[in-house]
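>>> missing the sequence, but the structure's below:
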């Protein structure tokens, strides 16, 4: 898999404890010799840029007011969660090609809103896809019908996304925590596929547009659930990311995917205040551009486009 040019905006979200400077000068000289014997890739790993051997990577792609998340691994596996809106077709296709993506093992359309599936038909036609997951939810829109037509023309195996499904993924474990069975009163947002990724001792939760109703059901079904990173539901809306949900998960980093000066005022002030009060580090695609998070199985590393 090809790697992007390193951004200057790289940070270690969860830095490892460093005790080198507690040693006296002679020991520091020994450490220097050891450093000189280590290759550049390893040094970059310690600097928080790229884990060197085994890693998991999440790209939260800046597609304006929408979601598009690419998950890749050192074992060569690929998963795309959502596509962004139709206006973002060129951007998402270019991003995937620049990343060296030739095919997609899995694609998940979290729910049938245009800002999540608008560019999906273009992706389906541009890349071979092995498995395509979507909830049992429909929407009478051009974006949805175009996606369905593209799927019918493709060779992808289309499967209904349901709570409890575990994907065949070598690098860690990927579990679908939602959707739960839908009632007539449930919104399309609450049909969202919620994706839980475990890699080593690190964990990441991608919430689609799931709102409080789904959050509550997830906590009931998975009472010991924790997440180091959360992609906030519904672009940081106050209808999602309730205090009880955040306090239960105990994340230390949050991602908001939203457009600059969007018409919805997202992320909402209540959500921002909650994150600040819990001292959760926040990354936003409207201010940071595309966000890349690496896991080496023990720590998370982040770099941003801006």
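Great, that's in hand. Fair warning: this is a prediction, and the values are worked out from it, not measured in the lab.
>>> run through the stretch 151-300 of the chain and note the low-pLDDT ranges.
Confidence mapping of the stretch 151-300 of the chain against pLDDT under 70 gives the ranges 182-186.
>>> all the helices of it, residue numbers only.
Listed in chain order, the helices of the stretch 151-300 of the chain (DSSP state H, counting those that start in this stretch) span 212-221, 243-249, 269-277, 285-288.
>>> hmm, who's touching the first one?
I take that to be helix 212-221. Outside helix 212-221, the residues that touch it by C-beta atoms under 8 Å, 6 or more residues apart in numbering are 163, 177-180, 186, 190, 192, 194, 207, 210, 225, 233, 239-242, 244-245, 248. For the C-beta atoms, the positions are set from N, CA and C on the backbone; glycine is no exception.
>>> so which of the helices of the stretch 151-300 of the chain is the most packed in?
Using mean count of other C-beta atoms under 10 Å, the stretch among the helices of the stretch 151-300 of the chain with the largest mean neighbour count is helix 285-288, at a mean of 20.
>>> which residues are in contact with that helix?
The list of residues contacting helix 285-288 from outside it, by C-beta under 8 Å, 6+ apart, reads 9, 60-63, 255-262, 291, 304-306.
>>> from those residues, which ones fall inside strands?
Within the contacts of helix 285-288, residues falling in strands by DSSP state E are 9, 60, 255-256, 291, 304.
>>> returning to what we had before: possible to save the helices of the stretch 151-300 of the chain as JSON lines with distance to residue 102?
Putting the helices of the stretch 151-300 of the chain into JSON lines (distance: least, C-beta to C-beta, whole Å) gives the following:
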{"stretch": "helix 212-221", "distance to residue 102": "34"}
{"stretch": "helix 243-249", "distance to residue 102": "35"}
{"stretch": "helix 269-277", "distance to residue 102": "37"}
{"stretch": "helix 285-288", "distance to residue 102": "25"}
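>>> mind checking which of these is nearest residue 101?
Comparison of the helices of the stretch 151-300 of the chain against residue 101 by C-beta to C-beta identifies helix 285-288 as nearest, at 19.4 Å.
>>> distance from the chain centre to the closest one, please.
Taking C-alpha atoms, centre = their mean, to the nearest Å, one finds the center of helix 285-288 at 15 Å from the center of the full chain.
>>> is residue 108 bridged to anything, and to what?
Partner residues in beta bridges with residue 108, using DSSP bridges, are residue 81, residue 133.
>>> with residue 294 instead?
Once the bridges are assigned, which here means DSSP bridges, residue 294 pairs with residue 57, residue 301.
>>> number the chain from 47, please
Sure, I'll start numbering at 47, so the last one becomes residue 340.
>>> picking up where we left off before, now the buried members of the contacts of helix 258-267.
Neighbour counting with 16 or more other C-beta atoms under 10 Å marks 209, 223-226, 232, 236, 238, 240, 253, 256, 271, 279, 285-288, 291, 294 as buried within the contacts of helix 258-267.
>>> re the thing from before, among the contacts of helix 258-267, which are in strands?
Restricting the contacts of helix 258-267 to those inside strands, with DSSP E as the criterion, leaves 223-224, 240.
>>> need these in a markdown table with distance to residue 148, can you?
Formatted as a markdown table, the entries for the ones in strands among the contacts of helix 258-267 read as follows, by distance: C-beta to C-beta, whole Å:
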| residue | distance to residue 148 |
| --- | --- |
| 223 | 30 |
| 224 | 30 |
| 240 | 28 |
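>>> just the closest of the residues you listed to residue 144, please.
Nearest to residue 144 out of those is residue 240 (C-beta to C-beta; 28.2 Å).
>>> enumerate every residue touching the closest one.
Residues counted as contacts of residue 240 (C-beta under 8 Å, 6+ apart) are 156, 222-225, 251-254, 256, 260, 264.
>>> for residue 326, same thing?
Under the criterion of C-beta under 8 Å, 6+ apart, the contact list for residue 326 reads 292, 297-300.
>>> could you measure the residue nearest to residue 251 when sequence neighbours are not counted against residue 351, distance?
The shortest distance from residue 251 to any residue that is not its chain neighbour, by C-beta to C-beta, 6 or more residues apart in numbering, is 4.0 Å, and that residue is residue 273. If you measure residue 273 against residue 351 using C-beta to C-beta, to the nearest Å, the figure is 24 Å.
>>> residue 241 too?
Where residue 351 is concerned, residue 241 sits at a distance of 23 Å (C-beta to C-beta).
>>> pick out whichever of these two has more residues nearby.
A count of neighbours by other C-beta atoms under 10 Å puts residue 241 above the other of residue 241 and residue 351, at 26 against 14.
>>> burial count for the closest residue in space to that one that isn't next to it in sequence?
The spatial neighbour of residue 241 that comes closest, neighbours along the chain excluded (C-beta to C-beta, 6+ apart), is residue 252 at 4.2 Å. Applying other C-beta under 10 Å, we find 31 other residues in the vicinity of residue 252.
>>> ok, residue 140 next?
Neighbours of residue 140 under the rule other C-beta under 10 Å: 10.
>>> perfect, I'm done here.
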